[in-house]
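Trainee: Only the shape, not the letters, is given here:
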């Protein structure tokens with residue numbers, strides 16, 4: 001039977017989401033019978049209106065909680081459930097009013113217990129639906145808007161999970177039985193409307209659909225409908241391709257005619273999506289970034305080699321610092337220092353002085369300290385976080401800090417495979433467009449950390465600015481500003497409010513110019529856009545802009561100057577249903593006939609005709625992540641007469657083994673692997689090196705050679721280097737054809753290159769060495785290479801010098 005998306009703690013079935021490796025349970029006796037979805041996609045924002053019809057099959061009435069995972073790019077603005085003549089609707093209220101209502105709401109302890117004891121992890125919207133009788137229908141209406149990710153080829157990607165497709169054929173039919181693609185299921189109505197001022201080019205859809213039909217002569221709008229749901233347990237994935245360059249896109253949304261001009265709703269809003277073209281180039285000194293290494297002190301004895309390789313791989317001209325954290329945190333330097341020979345030697349010498357700490361884990365305090373220090377101009381900030389311990393109850397606060405500064409840095413996270421904070425690490429990396437890699441061994445830690453450093457050293461766009469050209473009388477106020485930098489292959493969406501009145505009523509076009517730098521090169525792109533877009537009463541762009549505005553206001557504080565703007569924004573957000581730090585949800589149970597006369601005053605909710613229902617945004621503290629790219633939901637059920645214990649469960653070893661095998665049989669596409677493989681999540685933290693690995697690469701010798709490399713990439717001819725290479729200094733001196741440092745550097749480079757196929761960590765070391773050799777005047781590299789090959793008994797070609 002297809003999984004319906006209903007969860008039970010009693011009947012457990014294992015499954016796999018294709019957005020990283022997570023477990024979920026599926027309650028098979030509550031079936032998703034029909035789905036109606038209306039999606040409007042305009043460039044890179046999706047507006048989704050969905051209606052899900054469930055039917056209960058179990059003979060015993062159940063109490064149900066609706067759970068919907070949320071993320072920073074999604075705004076859930078409408079939710080209600082209908083059961084016969086009863087309707088439960090979520091409503092937003094200002095925080096103070098909502099707190100009073102929560103105190104008067106029975107059953108709030110169920111949500112608090114769910115928050116602390118259930119096994120899911122992450123931010124969710126939760127609403128208590130009450131008792132679901134046997135063989136009754138439950139209709140869920142869920143509406144949300146979402147920023148869509150841009151693929152490398154410029155396509156907008158929209159996803160819908162396969163768990164939220166209905167049963168098209170009776171469940172008894174074998175999964176191998178196929179049906180005609182022309183067979184139109186009566187229980188699926190999935191329509192998609194596409195819009196773009198630049199024109200819709202084509203789509204790529206992984207399931208049968210009607211032909212793309214253009215609805216405008218200039219092909220600026222089109223529509224398509226699904227014929228049936230995707231097979232083989234696949235999510236729906238739609239790629240929308242637009243005409244024109246994807247470096248700069250703009251969507252203008254008309255004002256709400258019912259709102260006063262000057263307010264966010266009363267003015268047009270423009271959403272600008274940026275994905276700068278970043279050519280490959282060699283970074284120059286002074287434009288290489290700030291690299292901060294954050295090490296859990298419980299890992300320090302095992303991570304010294306990793307830190308050594310990272311320090312030796314950094315390029316001259318960048319800035320760096322090393323932090324250790326446990327119950328407290330300490331920094332090697334009061335602030336980041338320039339990477340020089342002196343600072344590198346000092347840092348390498350201090351690595352071994354850090355003592356293990358098995359106490360608490362103050363990652364929150366460390367991040368706040370880092371974020372409070374000013375950014376270094378021209379040096380993008382990138383964090384490498386190695387962690388093994390749990391962050392206790394501060395996960396939500398940590399994510400709030402990361403979200404606040406997400407446009408100013410990037411996180412690469414390396415949790416161990418026994419780490420209780422893997423989900424937090426994953427969320428931090430996702431939010432900042434970094435990577436999260438589960439670490440299984442010492443060698444795995446070093447290779448993955450160096451691989452991520454290679455990624456961090458790729459060229460990026462900096463000095464980003466937008467310049468507006470609007471008709472006289474119109475002005476722009478930025479809501480979400482342009483970021484400090486944009487990394488290669490990443491996008492960012494910013495929002496601006498257009499206010500005023502054009503002096504020329506006929507002027508209906510504006511322009512925006514994007515300017516940025518990649519190294520010493522300057523780029524600029526200009527885009528012209530219409531100021532008279534088609535009307536959209538659902539206001540998806542305004543909703544996304546409202547969310548960003550409210551978060552900005554919460555970070556700035558409530559000064560008198562901002563109080564008026566905050567009050568106006570909160571009032572507008574309540575009318576749009578946009579949650580924020582200033583609001584909270586309360587659900588109301590009422591008769592269906594009373595649903596169109598909802599109370600406007602919270603005092604009316606205390607009347608007998610309105611029953612308050614527990615409904616809140618929660619941060620769950622379990623171990624199964626609900627952080628993902630596409631939007632999904634679950635329902636949690638418990639028996640009415642015998643409340644199940646929602647206890648914290650340890651990972652199931654047998655199930656994890658089965659999952660690992662299934663992953664090897666059917667691996668998700670690369671673009672859907674949000675995180676690195678997590679198949680050994682509960683395996684022992686094995687730091688041993690296999691005998692085969694020991695024979696292939698003398699790790700102690702490799703470490704000794706790397707430790708002797710200078711900050712500029714060269715080596716000095718010393719007895720220590722000769723010994724590390726397996727020779728006496730006299731042997732090395734006897735073969736020297738040229739100046740000693742050049743000869744020593746070529747010899748070490750060739751020695752490292754021999755092991756390149758055995759370990760992947762030397763790539764950055766070799767690249768730095770080659771740059772140093774290329775800068776040396778009148779050096780006969782061929783002569784040095786011939787002598788090195790002779791001494792080492794190998795054959796390495798001149799291409800090693802990358803000239």
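Mentor: That came through, no problem. All of these numbers come straight from a predicted model, not from anything done at the bench. Numbering: from 1, shown residues only.
Trainee: excluding its backbone neighbours, what's nearest residue 389?
Mentor: Distances taken as CB to CB, 6 or more residues apart in numbering put residue 361 closest to residue 389, at 4.2 Å, once the chain neighbours are dropped. The C-beta positions use only the backbone N, C-alpha and C, and glycine is treated the same way.
Trainee: Name all residues that make contact with the one you found.
Mentor: 296, 325-327, 387, 389-392, 421 (CB atoms under 8 Å, 6 or more residues apart in numbering).
Trainee: try residue 574
Mentor: With contact set as CB under 8 Å, 6+ apart, residue 574 has these partners: 92-94, 583.
Trainee: For it, give its distance to residue 70.
Mentor: Residue 574 sits 18 Å away from residue 70, going by CB to CB, to the nearest Å.
Trainee: Where does the prediction get shaky in the stretch 601-750 of the chain?
Mentor: The stretch 601-750 of the chain contains residues with pLDDT under 70 at 601-610, 621-699.
Trainee: in the protein, which residue is closest to the centre?
Mentor: For the chain, residue 430 is the residue whose C-alpha lies nearest the centre (CA atoms, centre = their mean; 2.0 Å).
Trainee: Which secondary structure element is home to that residue?
Mentor: Element membership for residue 430 (DSSP states H and E) is helix 422-432.
Trainee: any idea which helix or strand comes after that helix?
Mentor: Following helix 422-432 in sequence, per DSSP H and E, is strand 435-436.
Trainee: What mean pLDDT does that following strand get?
Mentor: Strand 435-436 carries an average pLDDT of 89.
Trainee: in its sheet, what does it sit against?
Mentor: strand 409-415 (parallel) (DSSP bridges).
Trainee: For the strand it pairs with, which outside residues touch it?
Mentor: So strand 409-415 is contacted by 371, 380-388, 402, 421-422, 425-426, 428-429, 431-439, 445, 448-449, 452, 455-456, 487 (CB under 8 Å, 6+ apart).
Trainee: Write the PyMOL selection for whichever of those residues are buried.
Mentor: This is how PyMOL selects the buried members of the contacts of strand 409-415, with burial counted by 16 or more other CB atoms under 10 Å:
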select buried, resi 380+381+382+383+384+385+386+387+388+402+421+422+425+426+428+429+431+432+433+434+435+436+437+438+439+445+448+449+452+456+487
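Trainee: circling back to that earlier point, okay, the residue nearest to residue 389: pLDDT?
Mentor: So residue 361 comes in at 83 (pLDDT).
Trainee: looking at this, it is in a helix?
Mentor: No. Residue 361 is assigned coil when assessed by DSSP: H, G, I helix; E, B strand; the rest coil, not a helix.
Trainee: how close does it get to residue 385?
Mentor: In terms of CB to CB, residue 361 sits 11 Å off from residue 385.
Trainee: Mean confidence (pLDDT) on the helix holding residue 430, please.
Mentor: 85.
Trainee: repeat for stretch 128-138
Mentor: Mean predicted lDDT for stretch 128-138 stands at 80.
Trainee: With stretch 451-468 instead?
Mentor: Mean predicted confidence for stretch 451-468 is 91.
Trainee: What residues sit buried inside the helix or strand containing residue 309?
Mentor: Under the criterion of DSSP H and E, residue 309 resides in helix 300-313. Neighbour counts using 16+ other CB under 10 Å place 300, 302-313 of helix 300-313 among the buried residues.
Trainee: by contact count, what packs against that helix?
Mentor: strand 290-296, strand 319-325, helix 341-351, strand 381-387, helix 442-456, helix 699-707, helix 763-775 (3 or more CB pairs under 8 Å, 6 or more residues apart in numbering; DSSP states H and E).
Trainee: cutoff 6 Å now
Mentor: With contacts taken as 3 or more CB pairs under 6 Å, 6 or more residues apart in numbering; DSSP states H and E, helix 300-313 sits against helix 341-351, helix 442-456.
Trainee: which residues sit against it?
Mentor: 295, 344, 347-348, 351, 354, 356, 386, 442, 445-446, 449-450, 453, 687, 706, 709, 761, 764-765 (CB atoms under 6 Å, 6 or more residues apart in numbering).
Trainee: Residue 404 - how many residues pack around it?
Mentor: 14 (other CB atoms under 10 Å).
Trainee: quick one: the closest residue to it other than its chain neighbours and residue 402, what's the gap?
Mentor: In space, and not counting its chain neighbours, residue 404 is closest to residue 555: 5.6 Å by CB to CB, 6+ apart. Residue 555 is 13 Å from residue 402, where distance means CB to CB.
Trainee: what does residue 79 give?
Mentor: 27 Å.
Trainee: Ok, residue 137 next?
Mentor: 41 Å.
Trainee: winner for burial among the helices and strands packed on helix 300-313?
Mentor: The highest mean neighbour count among these, using mean count of other CB atoms under 10 Å, belongs to helix 442-456: a mean of 20.
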